[in-house]
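S.K.: Build me a model from this:
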Amino acid sequence: MKVVHINTTDTGGGAAIAAHRLHLALLEKGIKSKMIVANKRTDELNIELAREGNIERHIYSKIRSLKEKIILYKYRNRKNKIIFSTGRYGIDISKHPSVLEADVIHLHWINSNYISLKVLRKLAKLEKKMVWTLHDSWAFTGGCHVRYGCTNYMNKCGNCLMLDSNKKNDLSRKIFNEKIKVYRSFKDLTIITPSNWLGNEVKKSYLLKKYPLKIIPNILDDRIFKPLDKEYSRYILNLDSNKNKKYILFGAISATETPYKGWEYLKKALEILKKEKRLIQNIELLVFGASYSKDIENLPFKTRFMGKIHDEYTLSLLYNAADVFVGPSLEEAFGQTFNEAIFCGTPAVGFENTGVEDIIEHKKNGYLAKYKNSKDLADGVLYCLNNLKNVKLKNERLKRNNILKEIINVYKN
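M.R.: All right, here's what the predicted structure looks like:
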């Protein structure tokens, strides 16, 4: 069996990490797997560029980006920092040798002007088995990736909240109608969502509810993400090995700039924790994904920036060094960081009504806080610090071999 994964990049961002991990796992299983990406950041043999050369990198890609900006300029009052993709521009990979020889085309995150709707139609006409793992909501909306509670995707979009539009036939409606036409071309398409939460959204969507749907978690290598000695992990990372020290870990990639990351709720939760006088001297915040942020620097506890983590072994050490991981995201398609933390034996705290509900077992390996409730988020951190350590993953569906079996079964059927 030959599988080709289509993702905008091979590393960087949750979707790229998930697609890359699956690709590597399939190779280990003896399946001929390749990735085709717009931007290649590794030197791996089985990862290929959709279009090679400096002309693509320095000219064509910039032209596509400029065209996209021109379309969106009409909606210049739209919400800042919220990604919106038109699907109008991309690279034609329909004649790429690895696509033509593949038995299965597995789509992942295809935006940033990589795979256009026009190219999607061409891929569909190849009449190959197609699988699409959704890492956000774009596939079933009129352009937005994160919906912030908007339900217009159930009925052809329009009056787009993200575009700050009050017109029924706006850009989101036009893109939605384009998707209707393109999706009709798919003869054999299976949708995968990594969580029940996102799967339920797909079932309610106008665009994708008729296609076969499988709920299959993102894969994780438990040979890397596993419990290690906490004192040793702290020693390697040059952290305080004092047993009274409590480290709260969180990621901060665009966290303070992107509303759905829930930064405001975490900030309030930490202010609440500050009132726990006995914790002030013992708590320290560990931040990864950023080297510095003025917003984070002003938090009420001592903060240590761990920078961007570029390898999984160091990331595993970081989870093992922490006493609790907290992620306040309001829309989480799966929650890889939560999964990574719990695989390492570190309890995790996140909001309910998101994809992390499939990962966190409330008060067993973490804490599911009430949605958008900073007080409960703080209570969750306290609960984990006082009651949970060396937690275990109990959901068998999150185990690597079980996920592989499910994925391969989708490919074959």
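
S.K.: pLDDT weak spots in the stretch 251-400 of the chain?
M.R.: The stretch 251-400 of the chain contains residues with pLDDT under 70 at 252-257, 277, 280, 291-293.

S.K.: how deep is residue 333 tucked in, by neighbour count?
M.R.: By other CB atoms under 10 Å, 27 other residues sit near residue 333. In short, each C-beta sits where N, CA and C put it, glycine included.

S.K.: for the one 4 residues further on, same thing?
M.R.: Using other CB under 10 Å, residue 337 has 25 other residues around it.

S.K.: these two touch, right, it and residue 329?
M.R.: No. The pair residue 337 / residue 329 is not scored as a contact, 9.0 Å apart, by CB atoms under 8 Å.

S.K.: for the stretch 301-413 of the chain, what spans make up the strands?
M.R.: 302-307, 324-327, 348-351, 366-369 (DSSP state E, counting those that start in this stretch).

S.K.: quick one, which of those strands is nearest to residue 196?
M.R.: Nearest to residue 196, of all the strands of the stretch 301-413 of the chain, is strand 366-369, at 13.5 Å by CB to CB.

S.K.: SS state for residue 89?
M.R.: Under the three-state scheme (DSSP: H, G, I helix; E, B strand; the rest coil), residue 89 adopts coil.

S.K.: I figured it was touching residue 117, is that so?
M.R.: No. Look at residue 89 against residue 117 with CB under 8 Å: they stay out of range, at 9.7 Å.

S.K.: more neighbours, those two?
M.R.: Per other CB under 10 Å, whichever of residue 89 and residue 117 has more neighbours is residue 89, with 23 against 17.

S.K.: What about the closest residue to that one other than its chain neighbours, how many residues nearby?
M.R.: Excluding the flanking residues, the one nearest residue 89 by CB to CB, 6 or more residues apart in numbering is residue 64, at 4.2 Å. Residues lying near residue 64 (other CB under 10 Å) number 20.

S.K.: Doesn't residue 64 belong to a helix?
M.R.: Yes. The assignment for residue 64 (three-state DSSP) places it in a helix.

S.K.: quick one, what contacts it?
M.R.: Residues in contact with residue 64 (CB atoms under 8 Å, 6 or more residues apart in numbering) are 89, 90, 113.

S.K.: what do you get for residue 34?
M.R.: Contacts for residue 34 (CB under 8 Å, 6+ apart) come out as 2, 3, 4, 5, 23, 46, 47, 48, 98, 102.

S.K.: what comes up buried for the host helix or strand of it?
M.R.: In this structure, residue 34 sits in strand 32-37 according to DSSP states H and E. Buried residues in strand 32-37, counted by 16 or more other CB atoms under 10 Å: 33, 34, 35, 36, 37.

S.K.: In a markdown table: those residues, plus distance to residue 354.
M.R.: Compiled in a markdown table, these are given as follows (distance: CB to CB, whole Å):
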| residue | distance to residue 354 |
| --- | --- |
| 33 | 29 |
| 34 | 32 |
| 35 | 27 |
| 36 | 30 |
| 37 | 28 |
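
S.K.: can you tell me which residues contact residue 260?
M.R.: Residue 260 makes contact with 146, 148, 329, 330, 331, according to CB under 8 Å, 6+ apart.

S.K.: Greatest separation within those residues: which pair is it?
M.R.: Farthest pair in the contacts of residue 260, by CB to CB: 148 and 329, 12.1 Å.

S.K.: Got a ChimeraX select line for the buried ones in the contacts of residue 260?
M.R.: The ChimeraX selection below is limited to those of the contacts of residue 260 classed as buried (16+ other CB under 10 Å):
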select :146,329,330,331
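
S.K.: Closest to residue 396 out of the contacts of residue 260?
M.R.: Nearest to residue 396 out of the contacts of residue 260 is residue 329 (CB to CB; 24.9 Å).

S.K.: List the residues that contact that closest one.
M.R.: 260, 261, 262, 335, 350, 351, 354, 356.

S.K.: Try it again at 6 Å.
M.R.: Residues in contact with residue 329 (CB atoms under 6 Å, 6 or more residues apart in numbering) are 261, 262.

S.K.: Could you dump the strands of the stretch 301-413 of the chain into a markdown table and include mean neighbour count?
M.R.: Putting those into a markdown table (neighbours: other CB atoms under 10 Å) gives the following:
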| stretch | mean neighbour count |
| --- | --- |
| strand 302-307 | 15 |
| strand 324-327 | 26 |
| strand 348-351 | 28 |
| strand 366-369 | 25 |
